[in-house]
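J.: sequence plus predicted model, see below.
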Amino acid sequence: MGELAGGSTSTENIACPHCKSRKLWRNGNRYTHFDDKIQRWLCRECGLRFSDLNDVQKSWSRAEKITRIHEQSLRSESDIAISRQICVAETKNLAAEQQTIEVLRRNETGNAKGKIIEYAWWLKKTGKSDSTIRGRTKLLRILIKRGANLYDPESIKDAIAKQPWCNGRKNNAVDAYSSFMKMAGGQWEPPLYQTVRKLPFIPKETEIDQLIAGCSQRMATFLQMLKETGARCGEIWQLSWSDIDFESKVVNITPEKNSNPRAVHLSNKVIEMLQQLPKTYGNRVFSNPDMPSDHHGRTFCLQRKRIAQKIGNPRLLKIHFHTFRYWRGTMLYHKTKDIYYTMQALGHKSIKNTLLYVQLEEALFQGEQDYVSKVGKTEKEICSLVEAGFEYVTEFEGAKIFRKRKL
């Protein structure tokens with residue numbers, strides 16, 4: 001395999017499936033549900049982005065192996081040992097913690113990596129989402145790499161306590177191991193970490209626009225959709241072309257985290273950006289069905305760092321995907337002062353979640369008077385102002401003064 005100028009690669013084994021050209025660029029990586037890395041290639045002739053078929057087949061083979069591991073584990077000696085019964089008198093002498101250690105020692109015949117694969121398959125069968133599976137298995141792998149013993153709950157507690165994580169992430173690790181113990185049939189006393197919620201960073205709109213303008217075409221479109229809809233990144237990530245009505249300029253958002261579905265009007269700007277996107281992923285706008293959102297997140301971090309250094313604004317480094325949702329919710333409440341409208345626009349089921357944006361708005365715009373003023377003299381002018389949403393303020397020299405918050 002030889003390297004060409006500009007990071008391109010020519011190889012005897014890989015060619016573009018469309019034009020058969022061997023002039024290729026390395027163009028990022030694709031990650032499967034179990035963190036298999038598949039090299040992505042970009043054809044210099046036709047612009048097609050594709051994966052090597054051999055790498056894809058290896059990933060499929062691993063997925064098939066998971067099924068075999070699960071089927072074999074049902075007939076393994078360790079599982080036969082777990083199902084054996086003991087007498088009542090002996091059971092009374094065993095503490096819950098001792099039972100847990102014994103159960104895990106029986107399972108220790110397999111290596112930790114295989115056990116995590118079995119755990120991922122168990123999560124899949126219990127209906128957990130792909131993002132939940134990736135997050136929990138990733139945390140367990142990190143703990144193992146940092147010295148934890150998957151079969152010793154006390155070792156897991158020590159490893160979590162030593163990590164320089166915030167309490168929220170430590171609680172995520174505790175939840176991951178708790179569900180692992182549920183699969184293994186053991187018990188443990190999970191540590192309790194008190195989480196302290198901090199107010200999120202809200203950037204200026206000019207900073208958001210600078211970030212969007214400096215990103216690549218697909219990333220810029222993705223960020224503009226986040227800005228205008230206030231949707232979660234996963235909701236935009238899974239958008240299909242059929243969800244977008246280009247005639248009425250409306251996008252239908254499929255909710256995440258048990259929130260409400262919603263339809264959001266789009267501006268002409270983002271409609272034009274969407275129409276110019278190549279349909280690389282078939283019916284999906286921004287991703288393949290099996291492509292994790294972390295892939296887009298890594299690309300965003302690289303582009304954000306480059307733009308922040310170029311324009312000399314380190315505040316851009318504090319912007320992440322969910323920042324766009326915080327910004328949109330805050331601006332909506334500032335413009336409307338209607339907490340129920342903001343709640344519906346963001347898809348919240350509980351108004352308690354929307355109260356955060358009231359607090360952010362009061363902190364950001366305290367003391368600001370952001371109004372449009374109009375004067376009405378005749379009956380017709382006054383009626384038209386009222387119908388347009390203006391509110392009466394006072395009367396001056398025979399004319400009535402109205403105001404309305406700027407949109």
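T.: Great, that's in hand.
J.: all the helices of the stretch 101-250 of the chain, residue numbers only.
T.: Listed in chain order, the helices found in the stretch 101-250 of the chain under DSSP state H, counting those that start in this stretch are 112-125, 130-145, 153-162, 167-184, 205-214, 217-229, 233-237.
J.: now those as JSON lines including distance to residue 315?
T.: From N, CA and C alone the C-beta is placed, and that goes for glycine too. Output for the helices of the stretch 101-250 of the chain, formatted as JSON lines (distance: least, Cβ to Cβ, whole Å):
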{"stretch": "helix 112-125", "distance to residue 315": "38"}
{"stretch": "helix 130-145", "distance to residue 315": "28"}
{"stretch": "helix 153-162", "distance to residue 315": "32"}
{"stretch": "helix 167-184", "distance to residue 315": "23"}
{"stretch": "helix 205-214", "distance to residue 315": "6"}
{"stretch": "helix 217-229", "distance to residue 315": "16"}
{"stretch": "helix 233-237", "distance to residue 315": "20"}
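J.: and of those, who's closest to residue 15?
T.: helix 217-229 (24.4 Å; Cβ to Cβ).
J.: in this protein, where is pLDDT below threshold?
T.: Within the chain, the ranges that satisfy pLDDT under 70 run 1-12, 33-35, 59-110, 293, 367-370, 397, 405-407.
J.: okay, now the domains of it?
T.: Structurally, the chain divides into domains by automatic domain parsing as follows: 2-57, 95-194, 205-364, 371-405.
J.: any chance of the ones you listed in a markdown table, plus mean neighbour count?
T.: Formatted as a markdown table, the domains of the chain follow (neighbours: other Cβ atoms under 10 Å):
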| stretch | mean neighbour count |
| --- | --- |
| domain 2-57 | 14 |
| domain 95-194 | 16 |
| domain 205-364 | 16 |
| domain 371-405 | 13 |
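J.: re the thing from before, so for residue 308, which of the helices of the stretch 101-250 of the chain sits nearest?
T.: Using Cβ to Cβ, the helices of the stretch 101-250 of the chain put helix 205-214 closest to residue 308, at 8.4 Å.
J.: run through the neighbouring helices and strands of the closest one.
T.: helix 217-229, helix 293-311, helix 321-336 (3 or more Cβ pairs under 8 Å, 6 or more residues apart in numbering; DSSP states H and E).
J.: out of the ones you listed, which is closest to residue 29?
T.: helix 293-311 (7.6 Å).
J.: so residue 304 makes contact with residue 315?
T.: No. Between residue 304 and residue 315 there is no contact under Cβ atoms under 8 Å: 11.0 Å.
J.: make TSV out of the helices and strands packed on helix 205-214 and add distance to residue 266.
T.: Formatted as TSV, those follow (distance: least, Cβ to Cβ, whole Å):
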stretch	distance to residue 266
helix 217-229	6
helix 293-311	20
helix 321-336	13
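J.: nearest to residue 198 among those would be which one?
T.: Taking those one by one with Cβ to Cβ, helix 321-336 is closest: 11.8 Å.
J.: using PDB, write out the CA atom coordinates for the closest one.
T.: Provided in PDB are the C-alpha atoms of helix 321-336 (Å, rounded to 0.1, in the frame of the first residue of the first chain):
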ATOM      1  CA  PHE A 321     -24.300  19.300  20.200                       C
ATOM      2  CA  HIS A 322     -26.600  19.800  23.200                       C
ATOM      3  CA  THR A 323     -25.600  23.400  23.500                       C
ATOM      4  CA  PHE A 324     -27.700  24.200  20.500                       C
ATOM      5  CA  ARG A 325     -30.800  22.800  22.300                       C
ATOM      6  CA  TYR A 326     -30.100  24.900  25.400                       C
ATOM      7  CA  TRP A 327     -29.600  28.000  23.200                       C
ATOM      8  CA  ARG A 328     -32.800  27.400  21.200                       C
ATOM      9  CA  GLY A 329     -34.900  26.800  24.300                       C
ATOM     10  CA  THR A 330     -33.600  30.000  26.000                       C
ATOM     11  CA  MET A 331     -34.200  32.100  22.900                       C
ATOM     12  CA  LEU A 332     -37.700  30.700  22.500                       C
ATOM     13  CA  TYR A 333     -38.700  31.600  26.000                       C
ATOM     14  CA  HIS A 334     -37.100  35.000  25.700                       C
ATOM     15  CA  LYS A 335     -39.100  35.900  22.600                       C
ATOM     16  CA  THR A 336     -42.400  34.500  23.700                       C
END
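J.: tell me which helix or strand comes right after that helix.
T.: helix 339-346 (DSSP states H and E).
J.: show me what that next one is in contact with.
T.: 230, 259-260, 262, 264, 325, 328-329, 332-333, 336, 351, 353-355, 357-358 (Cβ atoms under 8 Å, 6 or more residues apart in numbering).
J.: in a strand, that's where residue 263 is, yeah?
T.: Yes. Applying DSSP: H, G, I helix; E, B strand; the rest coil, one finds residue 263 inside a strand.
J.: surely it meets residue 253?
T.: Yes. With contact defined as Cβ under 8 Å, residue 263 counts as touching residue 253 (7.3 Å).
J.: contact partners for residue 30?
T.: So residue 30 contacts 37, 38, 39, 40, 51, 288, 291, 295 (Cβ under 8 Å, 6+ apart).
J.: which other residues reach the host helix or strand of the third one?
T.: What that stands for is residue 39. Secondary structure from DSSP H and E places residue 39 in strand 37-43. Strand 37-43 has contacts (Cβ under 8 Å, 6+ apart) with 9, 14, 16, 18-19, 21, 23-32, 48-52, 55-56, 59.
J.: can you check stretch 263-271 too?
T.: Looking at stretch 263-271 with Cβ under 8 Å, 6+ apart, the contacting residues turn out to be 221, 224-225, 228-231, 244, 246, 249-253, 345.
J.: nearest to residue 186, out of these: which one, please.
T.: Closest to residue 186, out of all of those and judged by Cβ to Cβ, is residue 231, at 39.3 Å.
J.: ok, for that closest one, nearest residue in space, not its chain neighbours?
T.: Counting by Cβ to Cβ, 6 or more residues apart in numbering, the nearest residue to residue 231 once its immediate chain neighbours are dropped is residue 253, at 5.2 Å.
J.: dig out what that neighbour forms beta bridges with.
T.: Listed beta-bridge partners, residue 253: residue 262 (assigned using DSSP bridges).
J.: wait, isn't it in contact with residue 261?
T.: Yes. Taking Cβ under 8 Å as the definition, residue 253 is a contact partner of residue 261 at 6.4 Å.
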